[in-house]
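K.L.:
Predicted model follows, preceded by the sequence.
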Amino acid sequence: MKKFSMKKLFSFLFNRKHSNMTISYGIVVLMYLIIEVLIKTNNLSYLLTSLLVPTCCYIIVALALNLVVGFSGDLSLGHAAFMGIGAFVGSAISNYVYSLVPNIALRVIVAILAGSIISGIFGYLISIPVLKLSGDYLAIVTLAFCQIVKSLLNNIYLGFDDSGIHFSFINQNFTLDGGKMLINGPVGSTGNTKFSNFTVAIIMVLFTLFIVFNLINSKYGRAIKASRDNKIAASSIGIDVIKAKTLCFVVSSILAGGAGALYALNYTTLSVAKFDFNLSIMILVYVVLGGLGNIPGTIVATTILVLLPELLRSLSDYRMIAYALVLIMIMLISNNETIKNSFNSLIGIFKRKDQNNA
Amino acid sequence: MPEKKLVLQANKLGIDFGGLTAVNNFNFKIYEGEICGLIGPNGAGKTTIFNLLTKVYEASRGEIVLNDKVLSKVSTFEVNKLGIARTFQNIRLFNQMSVEENVLTAMNNDTDYSLFDSFFRTKKFYDQENQKHEKAMELLRIFNLDKDADSLASSLPYGGQRRLEIARALATNPSLLLLDEPAAGMNESETLELMNTIKKVRDTFNIAILLIEHDMKFVMGICERITVLNYGQILAVGTPEEIKNNPKVIEAYLGGA
């Protein structure tokens, strides 16, 4: 039998292959524990409590976008649309099955699954034209996709009553007989019940990490990274570049859709205006500042940048200026040679320990 | 001597770019276990022929027969599955990936675990990953890269990157290996080492190797048969000895006197 030792466990958790995973899962679990303690001891303000689930949603979308931007190397500006699709499908489904499925947990799962799957289907359909392009063109087309989805969602009137489902693209030209409006055009979805809580959100984040890491550290992940690094070389060794990129894009849209559904379940009202171009850019900012292809970095950057505007609320009018300053500072610091070197030497200490143990 | 298996045959291959005929009437045969050279002045169409064979370009005329099968319209990545692997004139590695990952990626097509296996880390996943790891390390050992397996491909010295590219091409189990200037930019001792490695590769894997090279010492020292190309046409074919003494070749290289 293998003898258990802390040293061995330590070197297993922090070797080159596993350190990213350990740190990512560690950060999430630690955050959860700290926040749970704060909630239990009533030390968390109402504002921060209300931000917990959205923060988790943004972390999931940022991780999903990092798959596309960081690992597949394609700049997508359409992830707000996937989140929007997930959100509206999730909220509609959860309202529709309200009386059918009495169990809350089951209802949440059904809503999130539905949001993910529908978003994934859209992700696949949009990937067919989009992945024939690259660089700026790809960004422009995904941006257009985002706007189209927003306009479509703005004009959907969907409701149900005892006689069945009513749907219109023009205006609310149907009357409901005791049923409920699921999506009411630009007004969005109103009068929902809040289902999601912080624990569900954290489980979703952990699940996303699980999917992302297991995808990246497999032959599929290697094909995706190879297609990013050198398309010509990748196809010369038998990799179907389009297929690899499609897989990455679809997984990413599924995760973003799930995050959208989770987001929708956290609010009593949901409007389309939320899922616009600005949201896409914001998520991209989280990913870029967290580091392309850097998963723990994405988690940390998203958390900080979502909470920052709220923490800077005391500055009132100067809030956005301070936010911009922080962004610039992060960019300067993360590109500073001295800081980088000291960080690398810190990693070097870990590595040396690793070698000594081996 | 038993007859050797024909690996690749090109019949009257040709391609035009607009009005320019880059390659014309290219006939070529290569057998199992043979090392052939393709030489010629700059712009003679050597790399174009590699691109034709790997279907980067679709030929305007002629046909390619690989392992008794005519290559019809297929994509570049499918050509590799059929048995042609290549390296590039300007090195094309996966720079952000480790040396071992570069080789592992090339083995993707004989790894058959599914997406399900990789998400849920089944036994099949671990078995195949471990098996590929062993195989990759074995290949890297041949090219003397096993010590750098964990470092980034871009951090290797130039010669190492060239060797890694060959190792990666070999990892796809090709029956024909195309090497585009493998010794370019190497010093004399590195070139000598590379020659021995290529011979060793041929002997262990028993594959056909076609190489483009400007270093005459290298070409003459390693190739059993050389094809000389000029202005997209075959100028001469023969053993190194014959080519060395062919007046037409000397003229093409030194310019008409």
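P.N.:
Good, I have the coordinates.
K.L.:
Can you pull out the low-pLDDT segments for the stretch 101-250 of chain A?
P.N.:
Residue ranges of the stretch 101-250 of chain A with pLDDT under 70: A:173.
K.L.:
Show me which residues of it are close to chain B?
P.N.:
A:210-211, A:214-215, A:218-220, A:222-223, A:225-226, A:228-230, A:232-241, A:247 (C-beta under 8 Å from any C-beta of the partner chain). (Each C-beta comes from the backbone N, C-alpha and C, glycine too.)
K.L.:
Which of those are buried? Put it as a ChimeraX command.
P.N.:
To isolate the buried members of those in ChimeraX, using 16 or more other C-beta atoms under 10 Å in any protein chain shown:
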select /A:211,214,215,218,219,220,222,223,225,226,228,229,230,233,234,235,236,237,238,239,240,241,247
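K.L.:
okay, now residue 5: neighbour count?
P.N.:
As the question left the chain open, I've gone with chain A. Neighbour count of residue A:5, defined by other C-beta atoms under 10 Å in any protein chain shown: 10.
K.L.:
wait, I meant chain B there
P.N.:
Neighbours around residue B:5, by other C-beta under 10 Å: 13.
K.L.:
which residues touch it?
P.N.:
Residue B:5 makes contact with B:31-32 under the criterion C-beta atoms under 8 Å, 6 or more residues apart in numbering or on different chains.
K.L.:
and it, what pLDDT?
P.N.:
For residue B:5, the pLDDT comes out at 87.
K.L.:
Any chance of the backbone angles for it?
P.N.:
Residue B:5 adopts backbone torsions of phi -80, psi 130, taken as degrees, to the nearest 10.
K.L.:
Adjacent strands (with direction) for the host helix or strand of residue B:37?
P.N.:
Residue B:37 is part of strand B:35-39, with elements assigned from DSSP states H and E. Strand pairing for strand B:35-39, using DSSP bridges, gives strand B:208-212 (parallel), strand B:225-230 (parallel).
K.L.:
what's the following helix or strand after it?
P.N.:
Downstream of strand B:35-39 (by DSSP H and E), the next one is helix B:46-53.
K.L.:
Could you look up the SS state of the residue nearest the centre of chain A?
P.N.:
By C-alpha atoms, centre = their mean, chain A has its centre lying nearest to residue A:61, at 1.2 Å. Using DSSP: H, G, I helix; E, B strand; the rest coil, the structure places residue A:61 in helix.
K.L.:
For residue B:9, grab the count of nearby residues.
P.N.:
Residue B:9 is flanked by 17 other residues according to other C-beta under 10 Å.
K.L.:
any idea which element the spatially closest residue to it that is not a sequence neighbour lies in?
P.N.:
Spatial nearest neighbour of residue B:9, chain neighbours left out: residue B:65 (4.3 Å); criterion: C-beta to C-beta, 6 or more residues apart in numbering or on different chains. Element membership for residue B:65 (DSSP H and E) is strand B:61-66.
K.L.:
Just want the angle from that strand to helix B:46-53.
P.N.:
Put simply, strand B:61-66 runs at 70 degrees to helix B:46-53, going by axes from the mean of the first three to the mean of the last three C-alpha atoms, to 10 degrees.
K.L.:
so can I have TSV of the strands paired with strand B:35-39 showing mean neighbour count and mean pLDDT?
P.N.:
Formatted as TSV, these follow (neighbours: other C-beta atoms under 10 Å in any protein chain shown; pLDDT from 0 to 100):
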stretch	mean neighbour count	mean pLDDT
strand B:208-212	25	94
strand B:225-230	22	92
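K.L.:
Using JSON lines, lay out the ones you listed together with distance to residue A:125.
P.N.:
Converted to JSON lines, the strands paired with strand B:35-39 look like this (distance: least, C-beta to C-beta, whole Å):
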{"stretch": "strand B:208-212", "distance to residue A:125": "43"}
{"stretch": "strand B:225-230", "distance to residue A:125": "47"}
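K.L.:
Where do the helices of the stretch 51-200 of chain A begin and end?
P.N.:
A:79-96, A:104-130, A:135-154, A:198-216 (DSSP state H, counting those that start in this stretch).
K.L.:
Relative to residue B:219, which of those helices is closest?
P.N.:
Proximity to residue B:219, assessed across the helices of the stretch 51-200 of chain A by C-beta to C-beta, is greatest for helix A:135-154 (39.3 Å).
K.L.:
And for the closest one, what's in contact with it?
P.N.:
With contact meaning C-beta under 8 Å, 6+ apart, helix A:135-154 is reached by A:74-81, A:84-85, A:88, A:122, A:126, A:129-131, A:133, A:183, A:185-186, A:272, A:275-277, A:280.
K.L.:
buried ones in that helix?
P.N.:
With burial defined by 16+ other C-beta under 10 Å, the residues of helix A:135-154 counted as buried are A:138-139, A:141-143, A:145-147, A:149-150, A:153.
K.L.:
next one: stretch B:63-79
P.N.:
B:64, B:66-67, B:71, B:76-77, B:79.
K.L.:
show me the contacts for the residue lying closest to residue B:237 once chain neighbours are set aside.
P.N.:
With C-beta to C-beta, 6+ apart as the criterion, residue B:237 has its nearest non-adjacent residue at 5.2 Å, and that residue is residue B:227. When contacts are counted by C-beta under 8 Å, 6+ apart, residue B:227 touches B:28, B:36-39, B:234, B:236-237.
K.L.:
again with residue B:142
P.N.:
Residues near residue B:142 by C-beta under 8 Å, 6+ apart: B:167, B:197, B:200-201, B:204.
K.L.:
Buried ones among those residues?
P.N.:
For these, a burial check counting by 16+ other C-beta under 10 Å picks out B:167, B:197, B:201.
K.L.:
in what helix or strand does the second one lie?
P.N.:
I take that to be residue B:197. Per DSSP H and E: residue B:197 is located in helix B:188-205.
K.L.:
So that helix, near chain A or not?
P.N.:
No. On the criterion C-beta under 8 Å from any C-beta, helix B:188-205 is out of touch with chain A, staying 15.8 Å away.
K.L.:
So which bits of that helix are buried?
P.N.:
Neighbour counts over helix B:188-205 (16+ other C-beta under 10 Å) mark B:190-191, B:194-195, B:197-198, B:201-202, B:205 as buried.
K.L.:
got the angle between it and strand B:208-212?
P.N.:
Using the same axes, to 10 degrees, helix B:188-205 lies at 150 degrees relative to strand B:208-212.
K.L.:
Touching helix B:188-205 from outside, list them.
P.N.:
Under C-beta under 8 Å, 6+ apart, the answer for helix B:188-205 is B:33, B:35, B:142-144, B:159, B:162-163, B:166, B:170, B:177, B:179, B:182-183, B:186, B:207, B:209, B:211, B:215, B:217-218, B:221-222.
K.L.:
If we use 10 Å, what do you get?
P.N.:
Residues from elsewhere that reach helix B:188-205, judged by C-beta atoms under 10 Å, 6 or more residues apart in numbering or on different chains: B:32-35, B:139, B:142-144, B:157-160, B:162-163, B:166-167, B:170, B:173-175, B:177, B:179, B:182-186, B:207-209, B:211, B:213, B:215, B:217-218, B:221-222, B:224.
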